[in-house]
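Visitor: return atomic coordinates for the entry below.
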Amino acid sequence: MSALDTEVLLAGGYTLLMLAVGLGLDWLARVTHNRSSAYRTAGFSYHPDHDHWICPEGEHLWPHEYDHERRLVRYRAKAHVCNGCPVKERCTDSDRGREIVRALDPWPHSEAGRFHRGLALVPVGLAALILVVTAVRHPVAEDLAALAALAGLTALTARRLSGAFRATPANFPAPSPSQGLRLRRNSRTTWGWDR
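Guide: Model prediction:
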C-alpha cells in the first residue's frame, strides 16, 4: 500500500477546514439570532395561549399588526399605560407604547436564516471544488478512495445545511418606501430604485 500524495493530504486537510468553517458559520448565525431575540424581549414573557406579551410591570402587549409580507407580528402596549409607567425611560422612548416584533418563522426558515445558511454553504462548495480538482490531478486508486470519503462527508454537510432552502421557498419582500427607498419609473427598465 502506497502513501497518499502530499497534495491529496493538504487538499483533505483544507476540505475539513472548509467544512468546519461552514458549520461554524451556521452555528454562529443561530446563536447570534437567538441572543438578539432574547435581548429585544429581555424581561418580557410571551404567552402563546393568548398570543400576547407581558412586560416586567405586568402590562399586556397585544398584537397590533400582522405583516404577512415580512412574516412578522408586531405587539404594542397601550400608549397611555406606557406613558404613565415609572420605568418608561428604561423601556422605550416611544410615545405610542412599547412595541415588540416576533417573527412567525423559526430561524432556519426565516429570510435571515436562509441568508446565513447560504453563506455557510459557500465554504462547503469550495471544499467540493477542491476535492474535484484534486481527484482530476491525482487519479491514483488510494488517493481517489481518500477523496471519495471526504466527498461523502462534504455531501452530508451540504445536505444538512441546505435543508432550509429545500423546505421553504425564497420569499424576500421588495423594498418599500418605509425602508428609505423610493420607487421611480425608468424608461429603460420597468422599475428602478432611487436612493
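Visitor: does residue 95 really touch residue 83, like I thought?
Guide: Yes: look at residue 95 against residue 83 with CB atoms under 8 Å: they come within range, at 6.3 Å. All C-beta spots, glycine's among them, are computed from the backbone N, C-alpha and C.
Visitor: for these two, indicate the residue with more neighbours.
Guide: residue 83 (14 against 9; other CB atoms under 10 Å).
Visitor: kindly state the pLDDT recorded for residue 132?
Guide: Looking at residue 132, its pLDDT reads 96.
Visitor: and it, how far from residue 121?
Guide: From residue 132 over to residue 121 the distance is 16 Å, taken as CB to CB, to the nearest Å.
Visitor: higher neighbour count, those two?
Guide: Per other CB under 10 Å, whichever of residue 132 and residue 121 has more neighbours is residue 121, with 18 against 12.
Visitor: contact partners for the more buried one?
Guide: Counting by CB atoms under 8 Å, 6 or more residues apart in numbering, residue 121 touches 22, 158, 161-162.
Visitor: secondary structure element for it?
Guide: Using DSSP states H and E, residue 121 sits in helix 111-137.
Visitor: now that helix: buried residues?
Guide: 111, 113-114, 116-117, 120-121, 123-124, 126-128, 130-131, 134-135 (16 or more other CB atoms under 10 Å).
Visitor: give me the distance between the residue nearest the centre of the chain and residue 71.
Guide: Compute the mean C-alpha point of the chain, and by CA atoms, centre = their mean the closest residue is residue 113, 2.0 Å away. Residue 113 sits 11 Å away from residue 71, going by CB to CB.
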